[in-house]
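Participant: the following comprises the amino acid sequence and a computationally predicted model.
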Number of protein chains: 2
Amino acid sequence: MKQTEKNDSPKDRILNEAEILFAEKGFHAVTVREITRSAKCNLAAVNYHFGNKENLYLEVFKQRWIPRAKRVRAAFQKTVSAGNGQEIAEIVHALAHAFLKGPLTDDERLRHAQLMIREMAMPTLALDLLIEEVIQPFFREVAGRLRPLMEEAFEKERLMLNIISVFSMVIYFNFARVPVRRVTGEEYDENFKEKLVDHIVKFSVAGFGMNGEEKV
Amino acid sequence: MKQTEKNDSPKDRILNEAEILFAEKGFHAVTVREITRSAKCNLAAVNYHFGNKENLYLEVFKQRWIPRAKRVRAAFQKTVSAGNGQEIAEIVHALAHAFLKGPLTDDERLRHAQLMIREMAMPTLALDLLIEEVIQPFFREVAGRLRPLMEEAFEKERLMLNIISVFSMVIYFNFARVPVRRVTGEEYDENFKEKLVDHIVKFSVAGFGMNGEEKV
DNA sequence: GTCTATAGCAGGATAGAC
DNA sequence: GTCTATCCTGCTATAGAC
């Protein structure tokens, strides 16, 4: 069950295979030869369609990564709209579910997380695009939905740190599968992912409701 | 203020510069020529001292990354021993502080996180080493310290997920500086890092104390 | 638009002088 | 142990036939 099929155009096949390979190995570890071999097309095709390797990498984000991120966000929005959206737990659950179970296949989800992680840890031109088009707007939407559910005294900064914390868990559980498996002894099957969603919701909701002042 | 000074041996200088470059750019994006140029030594030195480029990468982890991780852990242990170690907040604070402020310089901390992230998202031989020698033992120590402070009914799995969540925040705030800056508008100065530690402690302690059952 | 062939160069690694 | 010189593979990118 390969993602790239013969009926796609060479250009599409290149984008598909390039995304898989870039996600698995990173930009520099992947060669144009490898991409065109996987895409069953000619070596020159990358340069013909995308100019050069670097631009192909950018196009992977523009034409594959960003649309997929938008599907994840749409899934989040749909879930939230389906409920009454008046509960913090509901919003966090929609978020964790969209990322960890959501509309993507398991392979897609892993690729998606790996590409993002690589950009965050080692930014290229693509990161600006991601932040501008996906991360910022999504973050603002979540903040906008949560703010009215918070107590008055809740400062803006605390809300932001809370949301980042939820994202940090969701992202971490997605990309750090190897150490998580080793530490928990669990496989990433549907059952475990369900437990993760549940955990993130409970942990975060408690964290959101924290009493502001810790005991010194 | 360069880390590598003339009085170090070429072998040490290579290790120092290689770590910096591998952290910044990743294994494949760095060339042996670049490393030896930075280390002000000859091109052949890498092969003479380390056999080949890949083995140099492993040695960076063995001789630089792991010892540094042990310094972080030692800082955590020292802080915990200094208190009475009977408070969850105290342990989480020691953890967050060790990672986000701790004994490392800011450059070291960033490099350290980047190397780890890269291994987690795209494992090589080095990751087994890290998990075996650092991640597992540290994780077990934290679990061992926290378990007696939990209520009886606390299952093992919930404790593990809690600890992973703390790590996820600590790690995320360390490596995802670019998007965090963009979203919060804050710079990573001492003041902001202090706020982050504080936030992680409050959020986590609340999360740990969560009531088990969420409202449906 | 797709191919073959190849230019042109940078990479890791080694041989052998000192 | 450290150097210079060099091998040779494999890369990106392009020219030009079809």
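Facilitator: Here it is on my side, so go on.

Participant: in chain A, which spans are strands?
Facilitator: Assigned by DSSP state E, chain A shows no strands.

Participant: show me what from it comes close to DNA strand C.
Facilitator: A:9-11, A:41-45, A:48-49 (CB under 7 Å from any atom of the strand). In short, each C-beta sits where N, CA and C put it, glycine included.

Participant: quick one: is stretch A:194-211 near chain B?
Facilitator: Yes - with CB under 8 Å from any CB of the partner chain as the criterion, chain B is reached by stretch A:194-211 at A:195-196, A:198-211.

Participant: for these, which one is nearest DNA strand C?
Facilitator: A:L196 (38.5 Å; CB to the nearest atom of the strand).

Participant: touching, the closest one and A:Y172? I think so.
Facilitator: No - counting by CB atoms under 8 Å, A:L196 stays clear of A:Y172, with 10.3 Å between them.

Participant: for chain A, what spans make up the helices?
Facilitator: Along chain A, the segments classed as helices by DSSP state H run A:10-25, A:32-38, A:45-50, A:53-60, A:66-82, A:88-100, A:106-121, A:125-130, A:136-146, A:156-175, A:177-184, A:190-208.

Participant: I'd like those laid out as TSV, including mean neighbour count.
Facilitator: What follows is the helices of chain A, written out as TSV (neighbours: other CB atoms under 10 Å in any protein chain shown):
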stretch	mean neighbour count
helix A:10-25	21
helix A:32-38	17
helix A:45-50	17
helix A:53-60	18
helix A:66-82	16
helix A:88-100	23
helix A:106-121	21
helix A:125-130	17
helix A:136-146	16
helix A:156-175	21
helix A:177-184	18
helix A:190-208	20
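
Participant: can you add mean pLDDT and give those helices back as TSV?
Facilitator: Listed next are those as TSV, based on pLDDT from 0 to 100:
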stretch	mean pLDDT
helix A:10-25	97
helix A:32-38	97
helix A:45-50	98
helix A:53-60	98
helix A:66-82	97
helix A:88-100	97
helix A:106-121	95
helix A:125-130	96
helix A:136-146	96
helix A:156-175	96
helix A:177-184	95
helix A:190-208	96
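
Participant: now tabulate those in CSV and tack on distance to B:P123.
Facilitator: Putting the helices of chain A into CSV (distance: least, CB to CB, whole Å) gives the following:
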stretch, distance to B:P123
helix A:10-25, 11
helix A:32-38, 19
helix A:45-50, 27
helix A:53-60, 22
helix A:66-82, 23
helix A:88-100, 20
helix A:106-121, 11
helix A:125-130, 23
helix A:136-146, 28
helix A:156-175, 11
helix A:177-184, 5
helix A:190-208, 19
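
Participant: and those helices as JSON lines, adding distance to DNA strand D?
Facilitator: Below are these laid out as JSON lines (distance: least, CB to the nearest atom of the strand, whole Å):
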{"stretch": "helix A:10-25", "distance to DNA strand D": "10"}
{"stretch": "helix A:32-38", "distance to DNA strand D": "3"}
{"stretch": "helix A:45-50", "distance to DNA strand D": "4"}
{"stretch": "helix A:53-60", "distance to DNA strand D": "4"}
{"stretch": "helix A:66-82", "distance to DNA strand D": "22"}
{"stretch": "helix A:88-100", "distance to DNA strand D": "32"}
{"stretch": "helix A:106-121", "distance to DNA strand D": "17"}
{"stretch": "helix A:125-130", "distance to DNA strand D": "14"}
{"stretch": "helix A:136-146", "distance to DNA strand D": "30"}
{"stretch": "helix A:156-175", "distance to DNA strand D": "24"}
{"stretch": "helix A:177-184", "distance to DNA strand D": "26"}
{"stretch": "helix A:190-208", "distance to DNA strand D": "35"}
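
Participant: stretch A:170-179 near chain B at all?
Facilitator: Yes - residues of stretch A:170-179 contacting chain B under CB under 8 Å from any CB: A:171-173, A:175-176, A:178-179.

Participant: out of those, who's nearest B:L125?
Facilitator: Nearest to B:L125 among the residues of stretch A:170-179 next to chain B: A:V178, at 12.5 Å, using CB to CB.

Participant: pretty sure the closest one contacts B:A126?
Facilitator: No - checked against CB under 8 Å, the pair A:V178 and B:A126 is beyond contact range at 11.7 Å.

Participant: burial count for the residue lying closest to A:A74 once chain neighbours are set aside?
Facilitator: Leaving out its chain neighbours, the residue that sits closest to A:A74 by CB to CB, 6 or more residues apart in numbering or on different chains is A:P103, at 7.7 Å. By the criterion of other CB atoms under 10 Å in any protein chain shown, A:P103 has 15 neighbours.

Participant: was I right about A:P103 contacting A:V72?
Facilitator: Yes - judged on CB under 8 Å, A:P103 makes contact with A:V72 at a distance of 6.5 Å.

Participant: break chain A into its domains for me.
Facilitator: A:1-51, A:62-207 (automatic domain parsing).
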